[in-house]
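A.B. asks: what follows is a predicted protein model with its sequence.
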Amino acid sequence: MAEGGTGRSSRRAEVLLPFLSVLIDAAAIESAFLLSYVLRSRTGLFERFGFVYEAAPPFERYFVTSLVVVVAWILLFQARQMYRTRRNVMLSEELLNIVRVVTFGMLLLMSAAFLYRDFSYSRLFVALLWILSIVFLFLGRAGINSYERHLYRMRRHLQRAVILGATASAGDIYRKLHRHASFGFEILGYFSQQRAADGALLNSPWLGTLPAAPAYLLDNGINLAFIALPADQQGDLLDVVHACEGVDIEFMMVPDMVEMLTTQVRTNELEGIPFLKLKGIALTAWGRISKRAFDLAVSLLALLLFAPLWIVIAMAVKLTSRGPVLFTQRRVGLDGRSFTMYKFRSMRPGAEEQTGPVWVREHDPRRTAVGVFLRKTSLDEFPQLLNVLKGEMSLVGPRPERPFFVEKFKHLVPQYLDRHRVKTGMTGWAQVNGLRGGTSLEERIRYDLYYIENWSFAFDIRILLRTLHAAIKVKEVH
């Protein structure tokens, strides 16, 4: 069968959406530049704060410079690959990327102004341009993101894809991407040595064995193949890729558990002797210092700003059920040391006296009426800011677990104890990816270890922004 309308439509989207993004970015940067000039030089808005110009700088020079800045900044965005379709980037991550590019672009602009002595910018103009550029670019990106997802929900410009393999990872791909057209993919089915006997792939068409995959990919205009093969079938992948040489098909492999746990394999050489470093130090000294300083500043500020909310929650807990306002429990943190974690009480007192430690359940009958709301909104976690302030936890990190379950899981899950190489956190990479409560423990550990091996300050900010975004969505729903 020849390539269908969906395939051609998908390729049109590869041109249309990036082109719209470039136009909107250019308009946003130019608007920020000109508005900064007008606010600084033509309105007198800031004169009351002591910013006075004896004579307004010539508009023509600013306008010509703005055109150069537009081109330069768009090239910076392109260098960060921000004009690709189906980037599937959260708006919080988009904001971080914009802040990085604009900040770097401002440094270039100020450096050029310093070298070109005949023309300079006031500090107020620079500050206005930095702020307005971020705001306008983010609003433009939010509009493009919304438009792109709208097209996908209308089943326009979808990228035709298949899955190679019938593993648990293959089932995850189908379950998460097939039901959410807003990601931009149309999963047509899967190839494997035999039809899946259980799992999410039962609802997906079986397209045949792996040897039949190349012909299907070529005849049906497939744009993308997700690879989720078991280890003993990796050799068959080479045959599929080789048969598709010269054809514009994208292959994306889902790493298995072992590959995810060794993402930081590096080669070192000491005195001519090569070494493979399988695991390094999670955080450098500077990383620990910057992370701790950020934790202190944010936790202290949050405790002060939200003190009234604390009082309201404490009164609600106290007035609706007997028992203490705060719930305390021993948890395991950095280097396996235990500490007392604080939460607003969301269950009846003595909920585990008869059962002992029980793994969390989605609809836990032991919750109080107020506790149901607190858990849905994660407001019960607020007192852990005290743990952060004391240095027992961090704002971001793997969630702390009880000693009972740590002893149990360390024998069942490979490298489970590696979670304790960093401080546990109020939120984490696993949580913002929907892995909470009764979800797969192995998958949660995989995300935790990925966070540890790839930690950066920007990664923490990204997780916090996604946590805030998720909390706002919950409030909108409820």
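C.D. replies: Happy to help now that I have it. Because the structure is a prediction, the values reported are computed rather than measured. Residues are numbered from 1 along each chain as shown.
A.B. asks: going forward, measure contacts between C-alpha atoms and count neighbours the same way
C.D. replies: OK.
A.B. asks: list the buried residues of the helix or strand hosting residue 22.
C.D. replies: In the assignment (DSSP states H and E), residue 22 maps to helix 5-41. Under the neighbour-count criterion of 16 or more other Cα atoms under 10 Å, helix 5-41 has 6-7, 10, 13, 17-18, 21-22, 24-38, 40-41 buried.
A.B. asks: and what of stretch 450-465?
C.D. replies: Neighbour counts over stretch 450-465 (16+ other Cα under 10 Å) mark 450-453, 455, 459-465 as buried.
A.B. asks: from those residues, which is closest to residue 380?
C.D. replies: residue 464 (17.1 Å; Cα to Cα).
A.B. asks: domains for the protein, by residue range?
C.D. replies: Domain assignment for the chain by automatic domain parsing gives 5-153, 159-254, 285-477.
A.B. asks: as a markdown table, those with mean pLDDT would be great.
C.D. replies: Converted to a markdown table, those look like this (pLDDT from 0 to 100):
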| stretch | mean pLDDT |
| --- | --- |
| domain 5-153 | 78 |
| domain 159-254 | 80 |
| domain 285-477 | 82 |
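A.B. asks: nearest residue to residue 132 other than its sequence neighbours?
C.D. replies: Distance criterion Cα to Cα, 6 or more residues apart in numbering; nearest residue to residue 132, sequence neighbours excluded, is residue 32 at 5.2 Å.
A.B. asks: cool, residue 318 as well?
C.D. replies: Closest residue to residue 318 apart from its sequence neighbours, by Cα to Cα, 6+ apart: residue 325 at 5.9 Å.
A.B. asks: how about residue 227, phi and psi?
C.D. replies: When read as degrees, to the nearest 10, the backbone of residue 227 gives phi -100, psi 120.
A.B. asks: what distance do you get for it to residue 219?
C.D. replies: Plainly put, residue 227 is 19 Å away from residue 219 if you go by Cα to Cα, to the nearest Å.
A.B. asks: surely residue 36 and residue 125 touch.
C.D. replies: Yes - the criterion here is Cα atoms under 8 Å, and residue 36 meets it with residue 125 at 5.9 Å.
A.B. asks: wait, which of the buried residues of stretch 450-465 is closest to residue 169?
C.D. replies: Set against residue 169, the nearest of the buried residues of stretch 450-465 by Cα to Cα is residue 450 (16.4 Å).
A.B. asks: and that closest one, what element?
C.D. replies: Per DSSP H and E, residue 450 falls inside helix 441-453.
A.B. asks: send the alpha carbons of that helix over as CSV?
C.D. replies: C-alpha atoms of helix 441-453 as CSV (Å, rounded to 0.1, in the frame of the first residue of the first chain):
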residue,chain,number,x,y,z
LEU,A,441,8.3,-0.4,42.1
GLU,A,442,10.9,-1.5,39.5
GLU,A,443,9.9,1.3,37.2
ARG,A,444,10.0,3.9,40.0
ILE,A,445,13.5,2.7,41.0
ARG,A,446,14.6,3.0,37.4
TYR,A,447,13.5,6.7,37.3
ASP,A,448,15.2,7.3,40.7
LEU,A,449,18.5,5.9,39.5
TYR,A,450,18.3,7.9,36.3
TYR,A,451,17.8,11.1,38.4
ILE,A,452,20.8,10.2,40.6
GLU,A,453,23.1,9.5,37.6
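A.B. asks: any chance you could map the strands in the stretch 51-200 of the chain?
C.D. replies: Ranges of strands in the stretch 51-200 of the chain, per DSSP state E, counting those that start in this stretch, are 159-164, 185-191.
A.B. asks: tell me which of those strands approaches residue 374 most closely.
C.D. replies: Nearest of these to residue 374, taken as Cα to Cα: strand 185-191 at 35.6 Å.
A.B. asks: so how far is the closest one from its chain's centroid?
C.D. replies: In terms of Cα atoms, centre = their mean, to the nearest Å, the centre of strand 185-191 is set 25 Å apart from its chain centre.
A.B. asks: do stretch 402-416 as well
C.D. replies: In terms of Cα atoms, centre = their mean, the centre of stretch 402-416 is set 27 Å apart from its chain centre.
A.B. asks: what's it in contact with?
C.D. replies: With contact meaning Cα atoms under 8 Å, 6 or more residues apart in numbering, stretch 402-416 is reached by 329-332, 338, 357, 417, 442, 445.
A.B. asks: equivalent analysis for stretch 288-297, please.
C.D. replies: Contact with stretch 288-297 is made by 388-389, 391, 394-395, 457, as judged by Cα under 8 Å, 6+ apart.
A.B. asks: kindly recompute the last result at 10 Å.
C.D. replies: Contacting residues not belonging to stretch 288-297 are listed as 282-287, 300-302, 385, 388-391, 393-396, 422-423, 456-457, 460 [Cα atoms under 10 Å, 6 or more residues apart in numbering].
A.B. asks: which among those residues end up buried?
C.D. replies: 282-283, 385, 388-389, 393-396, 422-423, 460.
A.B. asks: give the buried residues for the strand or helix carrying residue 292.
C.D. replies: Secondary structure assigned from DSSP H and E places residue 292 in helix 285-305. Buried residues in helix 285-305, defined by neighbour count with 16+ other Cα under 10 Å: 291-292, 294-296, 299, 303.
A.B. asks: how about residue 210, what does it touch?
C.D. replies: Contacts for residue 210 were tallied using Cα under 10 Å, 6+ apart; they are 164-165, 190-194, 233, 236-237, 239-240.
A.B. asks: ok, now how distant is it from residue 165?
C.D. replies: Relative to residue 165, residue 210 is positioned 8 Å away (Cα to Cα).
A.B. asks: now for these two: what residues contact both?
C.D. replies: Counting by Cα under 10 Å, 6+ apart, the shared contacts of residue 210 and residue 165 are 190-194, 233, 237.
A.B. asks: can you pull out the strands in the stretch 351-478 of the chain?
C.D. replies: All strands of the stretch 351-478 of the chain, identified by DSSP E, counting those that start in this stretch, fall at 394-396, 425-427.
A.B. asks: the first one packs against which elements?
C.D. replies: What it means is strand 394-396. Here strand 394-396 touches helix 285-305, helix 384-390, strand 425-427, helix 457-477, going by 3 or more Cα pairs under 10 Å, 6 or more residues apart in numbering; DSSP states H and E.
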